[in-house]
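Asker: sharing a model prediction with you, sequence too.
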Amino acid sequence: MSDWIHPICDACWHGLYPDRVPVQITEPLRLLWPCCRCEQPTDAGIFIRANLGNMKCEGKGTYHDSRRE
């Protein structure tokens, strides 16, 4: 499976990458999407590329973007 773009929350980002500062969307998102790792609502503006098999969301929801290259 190809990688997809997933929104994640601050807590999940820091759990995955404790020594890195995330690149975030700087404007308020105005939407709460479920974090694709913990399923809690987030407007953190952090997105990662990950395989669907590694995420709880399984790619379901309108907030995903697939990258087929």
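Answerer: Done, it's in.
Asker: where are the low-confidence patches of this structure?
Answerer: 1-2, 28-29, 62, 65-69 (pLDDT under 70).
Asker: just the helices in it please.
Answerer: 10-16 (DSSP state H).
Asker: in it, which spans are strands?
Answerer: 3-8, 33-34, 41-42, 46-51, 65-66 (DSSP state E).
Asker: out of the ones you listed, deepest packed?
Answerer: Greatest average neighbour count among the strands of the chain goes to strand 3-8 (a mean of 21), per mean count of other CB atoms under 10 Å. (Each C-beta comes from the backbone N, C-alpha and C, glycine too.)
Asker: contacts for that one next, please.
Answerer: 16, 33-37, 42, 44, 46-52, 55, 57, 59, 63-67 (CB atoms under 8 Å, 6 or more residues apart in numbering).
Asker: turn the strands of the chain into a markdown table, columns for distance to residue 23.
Answerer: Shown next, in a markdown table, are those (distance: least, CB to CB, whole Å):
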| stretch | distance to residue 23 |
| --- | --- |
| strand 3-8 | 12 |
| strand 33-34 | 17 |
| strand 41-42 | 15 |
| strand 46-51 | 8 |
| strand 65-66 | 16 |
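Asker: which among the ones you listed is found nearest to residue 24?
Answerer: Closest approach to residue 24 among the strands of the chain (CB to CB): strand 46-51, 5.4 Å.
Asker: what angle sits between that closest one and strand 3-8?
Answerer: Using axes from the mean of the first three to the mean of the last three CA atoms, to 10 degrees, the inter-axis angle of strand 46-51 relative to strand 3-8 is 140 degrees.
Asker: tell me who's in contact with residue 33.
Answerer: Counting by CB under 8 Å, 6+ apart, residue 33 has contacts 7, 41-43, 61, 63.
Asker: at 10 Å instead, please
Answerer: 6-9, 41-44, 47, 57, 61-64 (CB atoms under 10 Å, 6 or more residues apart in numbering).
Asker: OK, contacts around residue 36?
Answerer: Contacts of residue 36 by CB under 10 Å, 6+ apart are 4-9, 12, 42, 47-48, 50, 52, 54-61, 63-64.
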